[in-house]
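Asker: coordinates for the following, if possible.
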Amino acid sequence: MVKLVGSYTIIPAQPTPAGKLCLSELDQVKPFTHAPIIYFYRPSNNSIILSSAMDTMRDSLSKVLVQFYPLAGRLQWIEGRRLELDCNSMGAQLFEAESDAEISDFGDFTPTPKMEDLIPPIDYTLPINELPIFLVQLTRFSCGGISVCAAISHSVIDGFSSMQLMNTWAKVSRGGDLDTPPPLIDSRLLRRSEHYPAAPRFKHPEFSPPPVLIDRTDDREERMKETTVIMFELTRDQVEKLKKKANETLTGRPCSRNEAIAAHIWRCASKARQLKYEQPTMMRIAVNSRKRLRPPLPDNYFGNGHLHTYATSLAGELMEKPLGFAASRIREAVERMTDEYFKSAINFLRRQEDLGAFRTGFHRDAVGRKQGDFLGNPNLAITSWLGLPIHGADFGWGKPIYMGPGKLGFDGRSFIIPGPNDDGSIIIPLRMIPAHMEGFTKFFYDDIVSNYESKL
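Answerer: Alright, predicted model coming up:
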């Protein structure tokens with residue numbers, strides 16, 4: 001049982017820039033709902049931490065919001081179902097909670113419904129201009145451990161900027177100074193007309209609806225099915241085996257960890273779902289534009305710098321051909337995201353009268369409606385956190401023993417997360433229909449052991 005014992009509105013410690021802030025097209029197509037990320041800590045000195053943790057968190061967050069001031073503001077709707085950010089310093093929301101559970105009760109930290117009690121409560125029935133952009137819940141467990149769950153509106157920042165925020169907050173909490181240079185809050189870097197053509201240069205199929213099962217006319221039946229979440233783990237040796245197998249038929253540079261793992265997931269999901277050979281299937285992948293744009297975005301750019309791309313294939317080809325084929329389809333989709341392609345996509349979105357139809361979704365909101373697009377059977381949506389400094393949030397209690405998503409939204413949703421011990425291991429939470437999960441689990445591990453020699 002989790003009990004809320006305090007709620008605090010945290011405003012910047014000093015005056016900050018006020019007024020309306022334009023959001024880029026890359027912000028506009030992200031859901032305004034909140035993406036929860038959760039950290040677990042096993043403190044070594046419980047008496048000090050339990051008596052001072054909340055005061056330290058409140059004070060340090062107030063200081064950090066001076067630099068990250070948009071997170072103390074509010075979103076509001078404007079023409080064309082677009083959003084803008086009102087930097088009005090209404091504040092972030094910080095909750096204090098206590099639980100009679102122990103950290104060990106959460107096992108491998110699979111984001112199941114039990115985990116949702118650790119996520120800050122968000123009232124989506126409120127008008128959007130009253131809804132905090134940034135909410136955090138600190139939960140203290142009976143064993144002395146702590147969880148910190150941050151929920152941030154995805155219309156304001158992506159995972160890269162979220163890590164910039166959380167690691168800066170942690171640094172200040174343990175007595176450090178604010179980062180220099182500060183986050184660069186300037187969406188005009190993605191809106192300068194001189195860098196963009198008058199019209200899109202590409203067709204942008206990523207903004208079209210994903211495939212549905214070939215014997216269906218829509219995805220409504222699949223949306224209604226119950227799902228379950230399992231946490232999969234790969235050792236460094238298992239990852240190397242996947243890379244080696246993919247490289248046997250993959251041309252060009254050697255296969256990356258992300259390509260090999262995502263290809264393996266896609267292939268196993270197609271087999272577990274028993275998709276027909278001619279079934280089109282799609283994998284959604286988030287691609288960071290920061291280093292791909294010309295000129296590149298600065299390292300401290302604060303906002304959404306990612307855009308989704310889609311790898312496509314017939315399910316039968318994925319299952320029948322070597323692992324390198326699936327990896328090649330993923331590589332082609334990512335390599336398509338050049339400077340010209342990103343700018344064409346931004347210009348495509350800029351020319352739309354109504355951007356609401358292009359705003360993606362990733363979880364159910366508070367009233368139970370699924371929002372945005374649906375990437376379930378026969379499709380997947382995978383986000384890779386490889387390369388992100390996700391284990392750097394030391395608030396003075398040591399590094400987290402686990403960091404990952406607080407929830408997964410729909411059938412086929414998955415993350416690729418580096419293990420917390422810096423040993424090359426990988427953690428993969430996956431949501432899937434229970435009837436498919438059993439087969440997926442078998443294929444996921446057996447296919448590595450058998451080196452993909454088993455036949456369908």
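Asker: mind listing what's buried along stretch 337-354?
Answerer: Met337, Tyr341, Phe342, Lys343, Ser344, Ala345, Ile346, Asn347, Phe348, Leu349, Gln352 (16 or more other C-beta atoms under 10 Å). All C-beta atoms are positioned from the backbone trio N, CA, C, and that covers glycine.
Asker: typed the wrong thing, it's stretch 33-45
Answerer: For stretch 33-45, a neighbour-count test (16+ other C-beta under 10 Å) marks Thr33, His34, Ala35, Pro36, Ile37, Ile38, Tyr39, Phe40, Tyr41, Arg42, Pro43 as buried.
Asker: and the residues you listed, which is closest to Leu26?
Answerer: Distance ranking of the buried residues of stretch 33-45 against Leu26, using C-beta to C-beta, places Ala35 first at 14.9 Å.
Asker: list phi and psi for that closest one.
Answerer: Here is the backbone geometry of Ala35 (degrees, to the nearest 10): phi -100, psi 110.
Asker: I figured it hits Ser155, correct?
Answerer: No - in this structure, Ala35 is not within contact of Ser155 by C-beta atoms under 8 Å, at 10.2 Å.
Asker: which neighbours do the two share?
Answerer: Residues touching both Ala35 and Ser155 (C-beta atoms under 8 Å, 6 or more residues apart in numbering): none.
Asker: ok but Leu138 is inside a strand, no?
Answerer: Yes - judged by DSSP: H, G, I helix; E, B strand; the rest coil, Leu138 forms part of a strand.
Asker: contact partners for it?
Answerer: Taking C-beta under 8 Å, 6+ apart, we find Leu138 in contact with Ala53, Met54, Met57, Leu94, Phe95, Glu96, Ala97, Ile146, Ser147, Val148.
Asker: among those residues, which lie within strands?
Answerer: Leu94, Phe95, Glu96, Ala97, Ile146, Ser147, Val148 (DSSP state E).
Asker: identify the bridge partners of the first one.
Answerer: So that's Leu94. Beta-bridge partners recorded for Leu94 (DSSP bridges): Tyr8, Val136.
Asker: how many residues are close by it?
Answerer: Using other C-beta atoms under 10 Å, Leu94 has 23 other residues around it.
Asker: Asp218 and Met224, how far apart?
Answerer: 12 Å (C-beta to C-beta, to the nearest Å).
Asker: looking at those two, which is more packed in?
Answerer: With neighbours defined as other C-beta under 10 Å, Asp218 and Met224 compare such that Asp218 has more, 11 against 8.
Asker: tell me the pLDDT at the nearest residue to that one once chain neighbours are set aside?
Answerer: The shortest distance from Asp218 to any residue other than its chain neighbours is 6.1 Å, reached at Val212 (C-beta to C-beta, 6 or more residues apart in numbering). pLDDT recorded at Val212 is 94.
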